[in-house]
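S.K.: when you get a sec, could you give me coordinates for this:
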Amino acid sequence: MPLILPHEHPAPDDVARASPDGETLRVGIINIMPRLEAYEPLLLRRLAPASRTVEPVFVRLQSHRYGSSDRAHLDRFYRTFDAAGRLDGLIVTGAPVEEVEFAEVHYWPELTAILREAQTSVRSTLGICWGGLALGALLGIPKRLFRQKLFGVYEHRVLLEGDPLLPADRLSSFRCAHSRHSGSDDDAVVRAAREGRVRLLAHSPRTGATVFASPDHRFVAHLGHPEYEADRLVFEWERDQAAGRSDVAEPYQLDLDRPATTWRQDSETFFERWLALLGT
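M.R.: Residues are numbered from 1 along each chain as shown. From the prediction side, this is the model:
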């Protein structure tokens with residue numbers, strides 16, 4: 001379906017626009033990726049195939065500096081969480097602070113306050129990569145640093161049959177991109193699942209716990225990058241090489257010369273099912 005976007009928003013040409021209607025899902029996006037304006041199309045392309053019309057609402061953090069982003073774009077199209085109005089869903093993106101303790105992230109107090117409020121005012125909050133780690137922290141699951149970056153395309157096993165987000169009876173496995181220097185503590189996730197504090201939905205021996213959620217799906221943590229395209233992984237590989245990082249190997253199962261987004265269909269399925277939760 002087309003997306004409802006602000007007037008003159010520079011959305012990619014392959015994303016159609018719509019006018020508001022009664023079936024619109026309003027989805028807030030807390031975008032804290034570097035150069036946020038360049039990252040937006042990745043998410044918009046994943047929201048556009050939904051069976052219901054989606055209105056993305058771009059949310060800014062007042063305590064974040066957004067040093068690498070286009071200030072005019074930020075000022076024109078982003079609003080504070082308090083000014084966002086009613087939201088059916090909320091997405092928290094990744095952020096380049098995986099190797100920093102949560103308490104040392106300068107916008108952590110503001111972000112956690114928003115997420116706590118969203119637990120009662122928003123049907124479901126989806127955290128992607130670092131955003132998923134942040135949700136995990138609020139669910140009592142610490143993160144751990146990796147000695148080498150988890151980087152590439154991986155296969156995951158779906159664990160819980162019948163879960164509305166990733167029903168194992170209809171989807172036994174899926175592929176997804178990862179690009180991160182840390183992850184949720186696997187033992188803590190398993191323990192929380194046994195205690196009924198989270199639902200562990202997808203796991204891989206190489207990536208560990210990748211998708212988990214609170215029992216009511218108010219928080220959904222996806223530690224991969226289901227929104228990425230293959231060329232984004234190539235870009236990050238070249239960026240890390242230019243920075244001289246010795247802890248980054250070539251992306252796993254990705255041909256750097258002929259990159260292909262082999263996980264696109266699985267990612268679209270994931271976003272479609274998450275969006276379906278917002279109407280329940």
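S.K.: just the strands in the stretch 1-150 of the chain please.
M.R.: 25-30, 54-60, 79-80, 89-92, 124-128, 143-158 (DSSP state E, counting those that start in this stretch).
S.K.: and the pLDDT for Arg170?
M.R.: The score at Arg170 is 80. That number is its pLDDT.
S.K.: helices along the protein, start to end?
M.R.: Assigned by DSSP state H, the chain shows helices spanning 36-47, 71-77, 108-121, 130-138, 186-194, 230-242, 264-278.
S.K.: tilt between the fifth one and strand 143-158?
M.R.: What that stands for is helix 186-194. Going by axes from the mean of the first three to the mean of the last three Cα atoms, to 10 degrees, helix 186-194 is angled at 60 degrees with respect to strand 143-158.
S.K.: any buried residues in helix 186-194, and which?
M.R.: Ala188, Val189, Val190, Ala192, Ala193 (16 or more other Cβ atoms under 10 Å). For glycine as for every other residue, the C-beta is placed from the backbone atoms N, C-alpha and C.
S.K.: ok, the residues you listed vs Leu150, which is closest?
M.R.: Relative to Leu150, the closest of the buried residues of helix 186-194 is Val189; by Cβ to Cβ it sits at 15.2 Å.
S.K.: how close does that closest one sit to Leu201?
M.R.: Going from Val189 to Leu201 by Cβ to Cβ, to the nearest Å gives 11 Å.
S.K.: find the residues that touch each one of these two.
M.R.: Counting by Cβ atoms under 8 Å, 6 or more residues apart in numbering, the contacts common to Val189 and Leu201 are Phe212.
S.K.: circling back: would you turn the strands of the stretch 1-150 of the chain into TSV with mean pLDDT?
M.R.: As requested, the strands of the stretch 1-150 of the chain are exported to TSV (pLDDT from 0 to 100):
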stretch	mean pLDDT
strand 25-30	97
strand 54-60	97
strand 79-80	98
strand 89-92	98
strand 124-128	98
strand 143-158	97
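S.K.: take the ones you listed and write them to JSON lines, including mean neighbour count.
M.R.: Converted to JSON lines, the strands of the stretch 1-150 of the chain look like this (neighbours: other Cβ atoms under 10 Å):
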{"stretch": "strand 25-30", "mean neighbour count": "23"}
{"stretch": "strand 54-60", "mean neighbour count": "23"}
{"stretch": "strand 79-80", "mean neighbour count": "14"}
{"stretch": "strand 89-92", "mean neighbour count": "27"}
{"stretch": "strand 124-128", "mean neighbour count": "26"}
{"stretch": "strand 143-158", "mean neighbour count": "17"}
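S.K.: export those to a markdown table and tack on distance to Pro12?
M.R.: Listed next are the strands of the stretch 1-150 of the chain as a markdown table, based on distance: least, Cβ to Cβ, whole Å:
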| stretch | distance to Pro12 |
| --- | --- |
| strand 25-30 | 15 |
| strand 54-60 | 13 |
| strand 79-80 | 22 |
| strand 89-92 | 17 |
| strand 124-128 | 19 |
| strand 143-158 | 22 |
